[in-house]
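Trainee: sequence and predicted structure below; questions after.
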Amino acid sequence: RRDTPSACMLTKSAIAAALLGCASAFSPATPALSGLTHRASACSMTMQADGVSRRDFFAAAAVGAAVVAPQVAFADVEYPNVPFLGGSDVVDVNNANIRVYTRFPGMYPAVATKIVRYGPYTSFNDMLEKGKFTPPEKDILIKYKDNLTALEPAPEYQIDNINNGLYR
């Protein structure tokens with residue numbers, strides 16, 4: 001398919017305008033560069049709007065960074081219960097993705113779907129009551145009771161417990 005001549009001309013005009021705009025930013029007549037002066041073979045620049053020198057600006061930025069930096073240290077770097085999302089023998093029924101249950105024969109898809117759909121749970125017995133499981137499904141759950149735990153629900157993991165976006 002060939003582009004029409006007008007489309008090519010429009011593209012070339014847009015590229016020329018972008019290049020002209022970039023080049024004009026470095027023109028001595030540009031207001032942003034009007035603060036540059038040449039004094040004793042050293043360049044200095046002042047911000048014309050409020051008369052703040054670069055030194056004052058960077059000093060204020062350093063103070064601001066010193067105030068903000070300690071707050072970053074308090075951020076959660078990693079969810080402490082990551083092993084229970086499928087990386088160990090014990091699975092957290094409140095936060096684990098539905099695909100984790102494929103490791104337990106008989107649980108996926110029917111039992112796993114009910115676990116994910118009717119949670120969160122406070123305990124294994126709470127899961128048995130809320131889950132609307134049939135007697136054979138309860139037998140499967142009881143078989144894997146030691147492999148299931150109910151930790152505090154974490155919203156960032158619950159949102160993806162049915163579909164985590166991993167496809168093969």
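Mentor: In hand now; what should we look at? Residues are numbered from 1 along each chain as shown.
Trainee: so what's K114 closest to, chain neighbours aside?
Mentor: G131 (4.8 Å; C-beta to C-beta, 6 or more residues apart in numbering). For the C-beta atoms, the positions are set from N, CA and C on the backbone; glycine is no exception.
Trainee: wouldn't the one you found be in contact with T113 here?
Mentor: No. Checked against C-beta atoms under 8 Å, the pair G131 and T113 is beyond contact range at 10.0 Å.
Trainee: who touches both of these two?
Mentor: Shared contacts of G131 and T113 (C-beta atoms under 8 Å, 6 or more residues apart in numbering): none.
Trainee: higher neighbour count, the two?
Mentor: Applying other C-beta atoms under 10 Å to G131 and T113 shows that G131 carries more neighbours, namely 21 against 15.
Trainee: how close does the more buried one get to A17?
Mentor: Distance of G131 to A17, given as C-beta to C-beta, to the nearest Å: 63 Å.
Trainee: which intervals of the protein have sub-threshold pLDDT?
Mentor: For the chain, the stretches flagged by pLDDT under 70 are 1-8, 20-52, 64-77, 164-168.
Trainee: strands along that one, start to end?
Mentor: Taking DSSP state E, the strands of the chain run over residues 36-39, 42-47, 52-53, 91-92, 148-149.
Trainee: so which bits of stretch 146-159 are buried?
Mentor: 148-151, 153-154, 157 (16 or more other C-beta atoms under 10 Å).
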